[in-house]
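Undergrad: Sharing a model that was predicted from the sequence below.
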Amino acid sequence: TAAHGTIHTSTHTTTAAHVDPFFDWNHTPFYDECKQVARAHFAPHGNETNDDVHRNMKATWAAWLQSGFGLVLLSYSFHKFLAGSMPALTYFPLLYWIVGSDFMHNGSHFAQSTSPLVNKMSCYLGSLHVQYHLWASQHVIGHHVHTNIIHMDPDVHHFSHDRVEEHKIPGYRTHARQQVLKKYGWGWKFAILFQTWATTLAIAFANTPKYLEDRAMETVKIRRAWLSVIRNDRLVLLALLALFVYKSETITYGVWCLFWSWGIHGILFNVFSQISHTNEASHSGVARYKRTHGKDKIEWAIHQILTARDYSCDSWFWGTLSINLNNQAMHHVFPSVHPCHYSALRHKLIPVCAKHGIDYEARTSGDFFDAVARYFGWISKLNQGGFTVSNEGKNNGAALEARKMKDTLEGAEEGCVTAASRVLIVSGTL
């Protein structure tokens, strides 16, 4: 495991009494070798202490310099936005995505700094994007632990709107095991436009009453102690938004400014967060690997590699614009490592993956436009063609277990997380 973000190589991450329905934690040669390679990377002299390795994993001085320059630009753009500049309605949300959301994402994974305070402050820089505790529930706990597993990964359920009370809301399928509704066949193209524009607005503000009422972010329960914090946090945001609208030239113009800016950010957030995970290779890779290697369960780390299809992994431009979501596989295996290290680590893990039957180099080839094409091809196949997967065979056991676990943990205080996953989260690996 990784204690406080430090990479160790123990093969025993769970107790013998616990059986994870999704992943094999008793035999993890791939994950162990990945951690050995990563530790060697962050200990180039070979005599570094755990604290040295921990420090070397975080943002470098060059990364801090880039982030600091970005904060200056973001502050200026925010000033122009408040002053009523029309161009700022577009470049402020763009910079907020590149800078504010990047800080929020890195801080939430403890990747920005060795200081918990700095990481928490980084998270709050993204308050216009999402509330800190909601993001921890939905993304850090739910998505990173059970990536692309239906009934477990909240990201699988964000856009389907398949509950009875949601059937009139535009939606679309992203997973082959989701039910097929009539609205998907004729309305999925409009739903993509609608949901893409509304992605940030929904998670930042509009859906908060739903999350509080359900006490859950889709599939992940929210701790009861966090509910009042989330509510008060968003009430403060509501007051600030109301003040902004009141100070605008007209109420209509103020509301439109917020709608437009959140829409620009929503497009960026939706596209860059979805295209690596939502494609056929990322949804079929695990089942194919299990069949090829004759396994019922695989390592968690292998699952993370196989549920991402990345692009332009060595590009500074695409790394900056996507807030490093172009390197999702590396991010999921080592989320507490700062993204400035992903490119170098990726090259060192390519032969490790090859040794274990994974063509990681091929899975990280192509560019942004290839990734977009794969994304829309998969969405079209699911919704226009109604592609689905039958609930047959041993490979569906984990999916059935996911639904069973979701029902079992419906009233749980800590949420739908396996014991093994909790160990990883608390130790700082996720």
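TA: Received it, and whenever you're ready, just let me know what you need.
Undergrad: Can you verify Asn47 is assigned to a strand?
TA: No. Going by DSSP: H, G, I helix; E, B strand; the rest coil, the assignment for Asn47 is coil, not a strand.
Undergrad: how much space between it and Val53?
TA: 11 Å (C-beta to C-beta, to the nearest Å). Where C-beta positions appear, they are placed from N, C-alpha and C, glycine not excepted.
Undergrad: quick one, which of these two is more surrounded?
TA: Taking other C-beta atoms under 10 Å, Asn47 and Val53 do not tie; Val53 has more neighbours (20 against 7).
Undergrad: For the more buried one, pull up the helix or strand it's in.
TA: In the assignment (DSSP states H and E), Val53 maps to helix 50-57.
Undergrad: Next SSE downstream of that helix?
TA: Remark: after helix 50-57, the chain's next helix or strand is helix 61-82, criterion DSSP H and E.
Undergrad: Could you list the buried residues of the helix or strand following that next one?
TA: Using DSSP H and E, the helix or strand that follows helix 61-82 towards the C-terminus is helix 88-95. By neighbour count on 16 or more other C-beta atoms under 10 Å, the buried set for helix 88-95 is 88-95.
Undergrad: and of these, the nearest to Trp61?
TA: Using C-beta to C-beta, the shortest approach to Trp61 within these belongs to Leu95, at 21.9 Å.
Undergrad: how much space between the most centrally placed residue in the chain and Phe317?
TA: In the chain, the centroid-proximal residue (C-alpha atoms, centre = their mean) is His139; its distance is 5.1 Å. Note on His139: its distance to Phe317, by C-beta to C-beta, is 24 Å.
Undergrad: that older thread, with just CA atoms, put the helix holding Val53 into PDB.
TA: Output of helix 50-57 as PDB, limited to C-alpha atoms (Å, rounded to 0.1, in the frame of the first residue of the first chain):
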ATOM      1  CA  ASN A  50      10.200   7.600   2.600                       C
ATOM      2  CA  ASP A  51       9.800  11.300   3.200                       C
ATOM      3  CA  ASP A  52      12.100  12.100   0.300                       C
ATOM      4  CA  VAL A  53      10.100   9.800  -2.000                       C
ATOM      5  CA  HIS A  54       6.900  11.400  -0.800                       C
ATOM      6  CA  ARG A  55       8.100  14.900  -1.500                       C
ATOM      7  CA  ASN A  56       9.500  13.900  -4.900                       C
ATOM      8  CA  MET A  57       6.000  12.600  -5.900                       C
END
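Undergrad: tell me what it is packed against?
TA: strand 6-7, helix 29-42 (3 or more C-beta pairs under 8 Å, 6 or more residues apart in numbering; DSSP states H and E).
Undergrad: what comes up buried for that helix?
TA: 53-54, 56-57.
Undergrad: can you check stretch 352-366 too?
TA: For stretch 352-366, the neighbour count (16+ other C-beta under 10 Å) marks 352-353, 356, 358, 360, 363-364, 366 as buried.
Undergrad: now, the most widely separated pair of these?
TA: Across those (C-beta to C-beta), the longest gap, 22.0 Å, separates His356 and Gly366.
Undergrad: ok, now which ones touch Thr307?
TA: The neighbourhood of Thr307, defined by C-beta atoms under 8 Å, 6 or more residues apart in numbering, consists of 147-148, 277, 282-283, 285-286, 332.
Undergrad: switch the cut-off to 7 Å
TA: Residues near Thr307 by C-beta atoms under 7 Å, 6 or more residues apart in numbering: 147-148, 277, 282, 285-286.
Undergrad: so Glu33 touches Val352, yeah?
TA: Yes. Glu33 is within contact range of Val352, at 5.2 Å (criterion: C-beta atoms under 7 Å).
Undergrad: For this structure, just list every one of the strands.
TA: 2-3, 6-7, 216-217, 220-221 (DSSP state E).
Undergrad: Comparing the helices and strands packed on helix 50-57, which comes out most buried?
TA: strand 6-7 (a mean of 24; mean count of other C-beta atoms under 10 Å).
Undergrad: average pLDDT across that strand?
TA: In this model, strand 6-7 carries a mean pLDDT of 47.
Undergrad: cool, stretch 354-362 as well?
TA: Mean pLDDT, stretch 354-362: 95.
Undergrad: oh, and call the first residue 74 from now on, that's how I've got it
TA: Sure thing, new numbering starts at 74, so read that last one as stretch 427-435.
Undergrad: What lies in contact with that stretch?
TA: By C-beta under 7 Å, 6+ apart, stretch 427-435 touches 103, 365-366, 375, 378-379, 422-423, 426.
Undergrad: Tabulate those (CSV), appending distance to His152.
TA: What follows is those, written out as CSV (distance: C-beta to C-beta, whole Å):
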residue, distance to His152
Phe103, 49
Thr365, 56
His366, 56
Ile375, 47
Ile378, 43
Leu379, 45
Leu422, 42
Ile423, 44
Cys426, 46
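Undergrad: buried subset of these?
TA: Taking 16+ other C-beta under 10 Å as the criterion, what is buried in the contacts of stretch 427-435 is 103, 375, 378-379, 422-423, 426.
Undergrad: All good on my end, thank you.
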